[in-house]
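Novice: heads up, no residue letters with this:
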């Protein structure tokens, strides 16, 4: 009989990470999401074997009351499973919660208790120890398993992205895709692209993703209003269209906030399509051997230096594209992610749940 493994969610439409993980361990474990468990007549919420938390520490809310409520629910969820006495696993995805302000203090509290109460801690890159020093106190229960691939995750799409946005077909698309949030530095991205001057060489910037903060959305529209080479689409890109966006772009860009970001799904998604990414030297990037051969990575120590570094990186990518060097980088990236596929690390994933 299979052991029952509980996830808060076993898959989401925005992120196939949990779906891929569920699939790779489904022959050994029956994976159940919280909502599914609560609705089940089998009383699975009381008879599970292991629980695995992803992103439980992300405390967010538009008001102080909502933040408090979010924290209360998540903390007592953790406490319930702690008191049940069955194994708890926690995956460390970021240094701290991305949402600064109201929820940051509570997120740090959640991380402290997740470290303390988890029976195993899963990290996605060795740089996690340097980025989160408190993890060094729990080395004996930490397992490192890299993020898996996205190869074959998205169905083939015939959508013409150029026609969809009215982009001339001879242009080269630099794509930002994913949730549009302040920690993604999309405002800085727009400024750096505009100041780089590469629009004159046939490049356009396409920003696609849902934005929940209207004031930030309005700011981005204002920042890009005088640049016809910038296209904004504040809608979630459906899974059935992702393939078209990833195939038809020339580059992807992800100018993360280093203060909170440790890992990037966008990076591995791009690698899975043999695409080159522009990204700061966040933890998972520094863990890559020869990262510069597969992507464009840069560093910064202030908002001003970030904008300047990104601008210069755009120019480097433009020159390399003219020289025909991007394809080679993309192929190296694809070979790397194949070597770190979900299937190739299946034994490590199974070991994570063996108690």
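Specialist: Perfect, thanks for sending it. Quantities reported herein were computed from a predicted structural model and do not represent experimental measurements.
Novice: Name the residues of stretch 209-219 that come out as buried.
Specialist: By neighbour count on 16 or more other C-beta atoms under 10 Å, the buried set for stretch 209-219 is 209, 211, 216-217. All C-beta atoms are positioned from the backbone trio N, CA, C, and that covers glycine.
Novice: A helix includes residue 337, no?
Specialist: Yes - under DSSP: H, G, I helix; E, B strand; the rest coil, residue 337 sits within a helix.
Novice: How about the contacts made by it?
Specialist: By C-beta atoms under 8 Å, 6 or more residues apart in numbering, residue 337 lies in contact with 149-151, 268, 271-272.
Novice: farthest-separated two in the buried residues of stretch 209-219?
Specialist: With C-beta to C-beta as the measure, no two of the buried residues of stretch 209-219 lie farther apart than 209 and 216, at 11.8 Å.
Novice: Are there residues contacting both of those two? Which ones?
Specialist: Shared contacts of residue 209 and residue 216, defined by C-beta under 8 Å, 6+ apart, comprise residue 180.
Novice: tell me the contacts of the closest residue to residue 276 other than its chain neighbours?
Specialist: Spatially, and ignoring its direct neighbours in sequence, residue 276 is nearest to residue 329 (4.8 Å; C-beta to C-beta, 6 or more residues apart in numbering). By C-beta under 8 Å, 6+ apart, the residues touching residue 329 are 276, 293-295, 320.
Novice: Mind telling me what element the residue nearest to residue 182 when sequence neighbours are not counted is part of?
Specialist: Counting by C-beta to C-beta, 6+ apart, residue 216 is the residue found nearest to residue 182 once chain neighbours are left out, at 6.1 Å. Element membership for residue 216 (DSSP states H and E) is helix 214-224.
Novice: Can you tell me what sits against that helix?
Specialist: Against helix 214-224 from outside (C-beta under 8 Å, 6+ apart): 180-182, 186-187, 190-191, 194, 207, 211, 230, 232, 234.
Novice: same deal with stretch 279-298?
Specialist: Taking C-beta under 8 Å, 6+ apart as the rule, stretch 279-298 contacts 95, 124-128, 130-131, 147, 253-256, 258, 261-264, 266-267, 271, 276-278, 299-300, 306, 309-310, 312-313, 316-317, 329, 332-333, 336.
Novice: quick one, helices of the stretch 1-150 of the chain?
Specialist: Assigned by DSSP state H, counting those that start in this stretch, the helices in the stretch 1-150 of the chain fall at 17-25, 34-39, 44-47, 64-84, 104-117, 128-131.
Novice: Okay, angle between the fifth one and helix 64-84 too, please.
Specialist: Between the direction of helix 104-117 and that of helix 64-84, the angle (axes from the mean of the first three to the mean of the last three C-alpha atoms, to 10 degrees) works out to 0 degrees.
Novice: contacting residues for the nearest residue to residue 237 once chain neighbours are set aside?
Specialist: Using C-beta to C-beta, 6+ apart and skipping residues adjacent in sequence, the residue nearest residue 237 is residue 208, 5.2 Å away. Residues in contact with residue 208 (C-beta under 8 Å, 6+ apart) are 175-177, 233, 235, 237, 245.
Novice: Recalculate using a threshold of 6 Å.
Specialist: Contacts for residue 208 (C-beta atoms under 6 Å, 6 or more residues apart in numbering) come out as 177, 233, 237.
Novice: Would you map the strands across the stretch 201-350 of the chain?
Specialist: 203-208, 230-233, 251-253, 277-280, 296-298 (DSSP state E, counting those that start in this stretch).
Novice: Give me the below-cutoff pLDDT ranges for the stretch 201-350 of the chain.
Specialist: Scanning the stretch 201-350 of the chain for pLDDT under 70 picks out no residues.
Novice: Check the gap between residue 269 and residue 214 for me.
Specialist: 27 Å (C-beta to C-beta, to the nearest Å).
Novice: repeat for residue 172
Specialist: In this view, residue 172 and residue 214 are 31 Å apart by C-beta to C-beta.
Novice: Please apply the same query to residue 32.
Specialist: 36 Å.
Novice: just to revisit the earlier point, compare the helices of the stretch 1-150 of the chain and give me the one nearest residue 159.
Specialist: Across these, residue 159 has its closest neighbour in helix 17-25 (22.0 Å, C-beta to C-beta).
Novice: Which of the residues in the closest one are classified as buried?
Specialist: For helix 17-25, the neighbour count (16+ other C-beta under 10 Å) marks 17-22, 24-25 as buried.
Novice: So which elements touch that helix?
Specialist: helix 346-352 (3 or more C-beta pairs under 6 Å, 6 or more residues apart in numbering; DSSP states H and E).
Novice: Give me the residues contacting the helix it packs on.
Specialist: With contact meaning C-beta under 6 Å, 6+ apart, helix 346-352 is reached by 24-25, 28, 143, 145.
Novice: Secondary structure element holding residue 151?
Specialist: Using DSSP H and E, no helix or strand contains residue 151.
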